[in-house]
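**Student:** Output the structure for:
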Amino acid sequence: WPQPGAIVAARAPEAVALGLDAFQPPRRQRGGRRAALEVLHHFLDARSGHYRGGISSPLKAPTACSRLSPYLAWGCLSLREVVQASRARVAALPEGDRRRAGLSAFLSRLYWHCHFIQKLESEPALEFRNLHRGYDGLREDDWNPAHLDALVAGRTGWPLVDACVAMLRETGWINFRMRAMLVSVAAYPLWLHWREVGLWLARAFLDYEPGIHWSQLQMQSGTTGINTTRVYNPIKQARDHDPNGVFVRRWLPALRRVPDTWLFEPWRMPADVAARHGLRLGEDIALPPVELAAAMRAAKARVHALRAQPEVRAAKAAIVERHGSRKRPEGRRRKASASAASAGQLDLGF
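**Tutor:** Numbers count the residues shown, from 1 in each chain. Below is the predicted model:
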């Protein structure tokens, strides 16, 4: 052991030496304790006032969300100090202050943060296999590597999906609603198994937290057996959360030349219209690998048919007993079968 005060010159191994991609998002948040405290206090003092109304929007979320998830994941902040600081600020703020309401909502999500970490600790295999084993074989035999390639490359043709991938590649972060949409698109219209999708996203997220990540992958893919099927239509999500196309045009430069009429379904643009705007369908504008509406209908039908099988329904009770939430964070009772339903707005990690 070195003597007290001695300087130990030690370096962590480079990513490539561990067989990992040297992923360095150029516009990522910067690390360190000082940066973490600055982000925390800025959120407590100002940005928390926009938390409740802003965390679902890909435009508002970068400033409305706490942005503390990387610092918690990397240990620059402890969850205890974030909870204590948030509680203290809530107590100091007057009734009616938007920051008070925002921080109260934020605190409820910190409980869910711990809930999902505990879930992985009690069931570590959920990183590798379906939580409900009745879903084994649902997607595995239909693996389509071209679909994963299109998703990872941001070439699905669905603008909001591809814009989220572009932002993730540049920043290492997107908000929860967009994370859920990516997984839903992967699981349903693209019919991809969650494991490979999860490995890609784990490497891409600057704030990768295993407990949240793998639970959410399975929830959004419909393999927990206890959660409502969540199927996000990426075109509807774009119209709901980016109605003027500001987000998709920011991250997908080619769409800046697409007329508003065709913005959210640019592959339907007539070839002569595309040519007038200097666009080539299939090159500047990616073509979706599947017909969205038909693929979503077929995927939901397959999942619901499996869910309806008596043996699959019978196995649900044991999962609810082991993993179902018993109380809301504030102590009110809730039905265990609705386990983690409100986790759909998790801000911290995935």
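
**Student:** ok, and the closest non-adjacent residue to Pro70?
**Tutor:** In space, and not counting its chain neighbours, Pro70 is closest to Asp207: 4.3 Å by C-beta to C-beta, 6 or more residues apart in numbering. For every residue, glycine as well, the C-beta is placed using N, CA and C.

**Student:** can you pull the contacts of Pro25?
**Tutor:** Neighbouring residues of Pro25 by C-beta atoms under 8 Å, 6 or more residues apart in numbering: 168-172, 206.

**Student:** where's it relative to Val290, distance?
**Tutor:** 29 Å (C-beta to C-beta, to the nearest Å).

**Student:** Equivalent analysis for Arg87, please.
**Tutor:** Distance, Arg87 to Val290, by C-beta to C-beta: 47 Å.

**Student:** Ok, Met296 next?
**Tutor:** Look at Met296 and Val290: by C-beta to C-beta, they are 9 Å apart.

**Student:** Wait, the residue nearest to Pro70 touches Gly75, no?
**Tutor:** No. Under the criterion of C-beta atoms under 8 Å, Asp207 is not in contact with Gly75, lying 12.0 Å apart.

**Student:** Who has more neighbours out of those two?
**Tutor:** Asp207 (20 against 10; other C-beta atoms under 10 Å).

**Student:** Are we agreed that the more buried one is in a strand?
**Tutor:** No. Under DSSP: H, G, I helix; E, B strand; the rest coil, Asp207 falls outside any strand and is assigned coil.

**Student:** before we move on, the earlier item: mind checking which of Arg87 and Val290 has more residues around it?
**Tutor:** Neighbour count, other C-beta under 10 Å: between Arg87 and Val290, Val290 has more, with 18 against 13.

**Student:** buried residues in the helix or strand harbouring Trp112?
**Tutor:** Assessed by DSSP states H and E, Trp112 sits inside helix 98-122. For helix 98-122, the neighbour count (16 or more other C-beta atoms under 10 Å) marks 99-104, 106-107, 109-113, 115-117, 119-120 as buried.

**Student:** who does it touch, helix- and strand-wise?
**Tutor:** Helices and strands touching helix 98-122, by 3 or more C-beta pairs under 8 Å, 6 or more residues apart in numbering; DSSP states H and E, are helix 33-45, helix 51-54, helix 79-92, helix 210-221, helix 310-323.

**Student:** Give me the distance from it to the chain's centre.
**Tutor:** On the basis of C-alpha atoms, centre = their mean, to the nearest Å, helix 98-122 sits 15 Å off its chain's mean C-alpha point.

**Student:** Which helix or strand in the chain has the lowest average pLDDT?
**Tutor:** Least confident helix or strand, the chain: helix 310-323 with a mean of 82, by mean pLDDT, DSSP states H and E.

**Student:** How far away from the center of its chain is it?
**Tutor:** Relative to the centre of its chain, helix 310-323 is centred 26 Å away, using C-alpha atoms, centre = their mean.

**Student:** list the buried ones in that helix?
**Tutor:** Applying a neighbour-count criterion of 16+ other C-beta under 10 Å, one finds 312, 316, 319-320, 323 buried in helix 310-323.

**Student:** export those residues to TSV and tack on distance to Gly134?
**Tutor:** Compiled in TSV, the buried residues of helix 310-323 are given as follows (distance: C-beta to C-beta, whole Å):
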residue	distance to Gly134
Val312	4
Lys316	9
Ile319	10
Val320	14
His323	15
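
**Student:** and of the residues you listed, the nearest to Arg249?
**Tutor:** His323 (41.2 Å; C-beta to C-beta).

**Student:** Show the contacting residues for the closest one.
**Tutor:** His323 touches 119, 122-123, 131, 224, 226, 339, counting by C-beta under 8 Å, 6+ apart.

**Student:** Compare these and tell me which has the most neighbours.
**Tutor:** The most crowded member of the contacts of His323, judged by other C-beta under 10 Å, is Thr224 (24 neighbours).

**Student:** I'd say that one and Gln216 touch.
**Tutor:** No. At 10.0 Å, Thr224 and Gln216 do not qualify as touching, with contact defined as C-beta under 8 Å.

**Student:** tally of neighbours for Arg256?
**Tutor:** Neighbour tally, Arg256, other C-beta under 10 Å: 12.

**Student:** now Thr229
**Tutor:** Using other C-beta under 10 Å, Thr229 has 16 other residues around it.

**Student:** circling back: the residue nearest to Pro70 and Thr261: what is the separation?
**Tutor:** Counting by C-beta to C-beta, the gap from Asp207 to Thr261 is 37 Å.

**Student:** Assign Val273 to helix, strand or coil.
**Tutor:** Following three-state DSSP, we place Val273 in the helix state.

**Student:** And Glu321, how close does it get to Ile226?
**Tutor:** Separation of Glu321 from Ile226 (C-beta to C-beta) stands at 10 Å.
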